[in-house]
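Novice: the sequence and its predicted three-dimensional model are supplied below.
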Amino acid sequence: MTEIYHVLNRGVDKRKIFMDDKDRFRFIHDLFEFNDQQRVQSNFYKFNAVSHAVRVREIRQRERKLLVKIHAFCLMPNHYHLLLSPAVEKGIALFMQKLNGGYVQYFNQRRERTGTLFERKYKSVLVENRSHFIHLPYYIHLNPLDLAAPEWREGKIKDSDKAWKFLNKYKWSSHLDYLGEYNFPSVTQRDFLLEVFGGKRGYEKSVKKGLNDLSLESVRGVILE
């Protein structure tokens, strides 16, 4: 099985690390830009969907050598989740150093602040149990329900249709890309998990099922929260 790690980081004292959409666009762009063995000097101050697409085209004009495979991601107000596989030796450590360092530099410069943003370097755990592996991507993509239906963590969603619609409007994760809507398709490498899910339809069916019966016990020990 592909070596997969669940990686998480949150703001120091649980503070918000994404204050607005500009911050979220910037971090998602950095997921793409810094996933490269070559030295990257990201001098762009702001990003939106258009500027990200332009930069993607520029980078694709040369051969990009990945540090990691990003299987899934989700941004929350004060933390983020990544599902990663190393593409080279020490790829995750190298990628996370670039990602966190670059984002902190941007965040502090934009807000004219100094000091720590994240509570630690990052948390990381190897996903060894097959049950953990099967359920963890769904857990990551369901995280935004903390903002709209926090009872999902107890398996007691009151309105699953409403919860599903909320997830499909939340653009700050790889969920929409797995549905085939290509939200930020350049960021993730989805072939491996799509094969496991049984394609886009299999993914959709499993997530809808997980809205009602995903047990956090199935990912206990690897959710890092």
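Specialist: Done, it's in. A quick note: this is a predicted structure, and the numbers were derived from the prediction, not measured. Residues are numbered from 1 along each chain as shown.
Novice: quick check: which element contains the residue nearest the centre of the chain?
Specialist: Closest to where the C-alpha atoms of the chain average out (Cα atoms, centre = their mean) is Phe73, at 1.5 Å. Element membership for Phe73, per DSSP states H and E: strand 68-76.
Novice: outside of that strand, which residues touch it?
Specialist: Residues from elsewhere that reach strand 68-76 (Cβ atoms under 8 Å, 6 or more residues apart in numbering): 2, 4, 18, 24, 27-28, 31, 35, 80-87, 91-92, 95, 137, 140-141, 143-144, 146-147, 172-175, 178, 187-190, 192-193. In short, each C-beta sits where N, CA and C put it, glycine included.
Novice: ok, the nearest residue to Gly221 once chain neighbours are set aside - contacts?
Specialist: In space, and not counting its chain neighbours, Gly221 is closest to His132: 7.1 Å by Cβ to Cβ, 6 or more residues apart in numbering. Neighbour list for His132: Ser218, Val219, Gly221, Val222 [criterion: Cβ under 8 Å, 6+ apart].
Novice: narrow those to just the buried residues.
Specialist: The neighbour-count test (16 or more other Cβ atoms under 10 Å) applied to the contacts of His132 identifies Ser218, Val219, Val222 as buried.
Novice: the second one against Leu142, yeah?
Specialist: No - at 10.5 Å, Val219 and Leu142 do not qualify as touching, with contact defined as Cβ atoms under 8 Å.
Novice: mind splitting the protein into its structural domains?
Specialist: Following automatic domain parsing, one gets these domains for the chain: 5-124, 129-219.
Novice: distance from the last one to the middle of the chain?
Specialist: It stands for domain 129-219. Computed by Cα atoms, centre = their mean, to the nearest Å, the separation of domain 129-219 from the middle of its chain amounts to 12 Å.
Novice: what's the span of that domain, first residue to last?
Specialist: By Cα to Cα, to the nearest Å, the extent of domain 129-219 from end to end equals 9 Å.
Novice: ok, Gly202 to Val196 distance?
Specialist: 9 Å (Cβ to Cβ, to the nearest Å).
Novice: circling back: any idea which of the contacts of His132 is closest to Lys65?
Specialist: The shortest approach to Lys65 among the contacts of His132 belongs to Val222, at 28.4 Å (Cβ to Cβ).
Novice: which of the helices and strands in the protein ranks last by mean pLDDT?
Specialist: Least confident helix or strand of the chain, by mean pLDDT, DSSP states H and E, is helix 49-60 with a mean of 58.
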